[in-house]
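Student: Got a predicted structure plus its sequence, pasted below:
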Amino acid sequence: MKKKIILIVGPTSVGKTKLGIDISKEFSGEIISCDSMQIYKEFNIGTAKVTSEESCGINHYMIDILDGDETFNVSDYKNMAEKYIDYISSNNKIPIFVGGTGLYVNSLVYDFKFTEATQSEDLRNKIIKFYEENGLDILYDLLLYLDYSSKEKIHKNNVKRVIRAIEVCLSTKKEFSKQCNDYFNNAKYDYLIVGLTLDRKKLYDRINTRVDMMINNGLVEEVTRLYYKYGEFSQPFTAIGYKEFIPYFNNEITIEECTKNIKQNSRKYAKRQFTWFNKNKNIEWIDVEIGYDNVLIKSIQLIKEFLNKGDIWIG
């Protein structure tokens, strides 16, 4: 019998954290973060990391596990998260994933098979140098020359993924796109995905308010300390809320412009999250405009129906 997992997904600022905690209290669950940046220690305010007070005693995993100078990818996430699924399930608790990193979600519920290509620092540096000398258009042309089918999977502006795909093609001598299974038909776990949604304008207002709160709560001080500790080329400084400060440290823009850019990039990110998750027809969507109490009631109803299938839980 497949292990059961629950996932709470949706765009940034929509209210996933609180719902995940309340669901965990209701169903004796424990939370596994599904956020690509909350894994880093010290990067707290900019990642909207759950506080000890907010967690209400619910165990959270995959948070604060790496230093800022360490790297981490989706394959690492999948391997580590699956161990936590086994651990939580063995204690007769429900693994509940909370977060908005869509690729992390898909890697778990659809058993995405990652390439066995090893990461070569030398090869990657050569590709990066090629990109710096020739520009994005030529870099993307190189990818399409190596693997034209990847055009359907990788957008030209996703430079990091373009570079990784080229690296995979060159190191394995195989097309990157053919090393990815049709994972939507290969679910490893019995899962329920609850998606939170909200009218775009209202969500964007929430995002703007959250960024202002981050600034008031000391984001500038946090970023400054971490910038001088880890530097702009550390992986966490590719994240929204941190990368926007790099031009500030180079005396190119003001703090006010940083704040404006964080808001703008966060809104764009939310739009990309909507696009990503809307491709998944297995998500049970709940509009948070119906009020939090009703969102919680509807979520509990969905989860009860899900857990009672197979007699794993009776409530």
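Tutor: In hand now; what should we look at? Numbering: from 1, shown residues only.
Student: Residue 292 contacts residue 15, correct?
Tutor: Yes. The pair residue 292 and residue 15 passes the contact test of Cβ atoms under 8 Å, sitting 7.1 Å apart. Quick note: C-beta positions are derived from backbone N, CA and C, even for glycine.
Student: the more surrounded of those two?
Tutor: residue 15 (17 against 12; other Cβ atoms under 10 Å).
Student: How about the contacts made by the residue lying closest to residue 98 once chain neighbours are set aside?
Tutor: Ranked by Cβ to Cβ, 6 or more residues apart in numbering and with sequence neighbours excluded, the top spatial neighbour of residue 98 is residue 20, at 3.5 Å. With contacts taken as Cβ atoms under 8 Å, 6 or more residues apart in numbering, residue 20 has the following neighbours: 8, 31, 96, 98.
Student: Now, those residues that are in strands?
Tutor: Judged by DSSP state E, the contacts of residue 20 include 8, 31, 96, 98 as members of strands.
Student: Can you report how many residues lie near the third one?
Tutor: Residue 96 is surrounded by 26 other residues when neighbours are defined as other Cβ under 10 Å.
Student: can you list the weak-confidence ranges in the stretch 101-250 of the chain?
Tutor: By pLDDT under 70, the weakly predicted segments of the stretch 101-250 of the chain are 111-119, 179-186.
Student: just so I have it, where are all the strands in it?
Tutor: In the stretch 101-250 of the chain, strands defined by DSSP state E, counting those that start in this stretch lie at 190-197, listed in chain order.
Student: Show me the helices in it, by range?
Tutor: Taking DSSP state H, counting those that start in this stretch as the criterion, the stretch 101-250 of the chain carries its helices at 102-109, 121-134, 136-146, 159-172, 200-216, 219-230, 246-249.
Student: I'd guessed residue 303 sits against residue 23; true?
Tutor: Yes. Proximity of residue 303 to residue 23 meets the contact threshold set by Cβ under 8 Å, at 6.6 Å.
Student: which residues are common contacts for the two?
Tutor: Counting by Cβ under 8 Å, 6+ apart, the shared contacts of residue 303 and residue 23 are residue 6.
Student: quick one on the thing from earlier: which two among the ones in strands among the contacts of residue 20 are spaced furthest apart?
Tutor: Between any two of the ones in strands among the contacts of residue 20, the greatest separation by Cβ to Cβ is 8.9 Å, found for 8 and 31.
Student: what sits in contact with each of the two?
Tutor: Counting by Cβ under 8 Å, 6+ apart, the shared contacts of residue 8 and residue 31 are 20, 96, 97, 98.
Student: residues contacting the second one?
Tutor: So the one you mean is residue 96. 5, 6, 7, 8, 20, 23, 24, 27, 29, 30, 31, 32.
Student: List phi and psi for the residue lying closest to it once chain neighbours are set aside.
Tutor: Taking Cβ to Cβ, 6+ apart, and ignoring the residues beside it in sequence, residue 96 has residue 29 as its nearest neighbour in space, at 4.2 Å. Residue 29 has phi and psi values of phi -110, psi 170 when expressed as degrees, to the nearest 10.
Student: Surely residue 29 is in contact with residue 6?
Tutor: Yes. Using Cβ under 8 Å as the test, residue 29 is close enough to residue 6 to be in contact (7.0 Å).
Student: Comparing the two, which shows the higher neighbour count?
Tutor: A side-by-side neighbour count of residue 29 and residue 6, using other Cβ under 10 Å, places residue 6 first with 25 against 22.
Student: mind checking pLDDT for that one?
Tutor: Looking at residue 6, its pLDDT reads 98.
Student: same deal with residue 278?
Tutor: Residue 278 carries a pLDDT value of 89.
Student: which residues touch residue 190?
Tutor: For residue 190, the set of contacting residues under the criterion of Cβ under 8 Å, 6+ apart consists of 1, 2, 3, 4, 5, 309, 310.
Student: Quickly note the distance from the first one to residue 11.
Tutor: It refers to residue 1. Applying Cβ to Cβ, to the nearest Å, the value for residue 1 to residue 11 is 33 Å.
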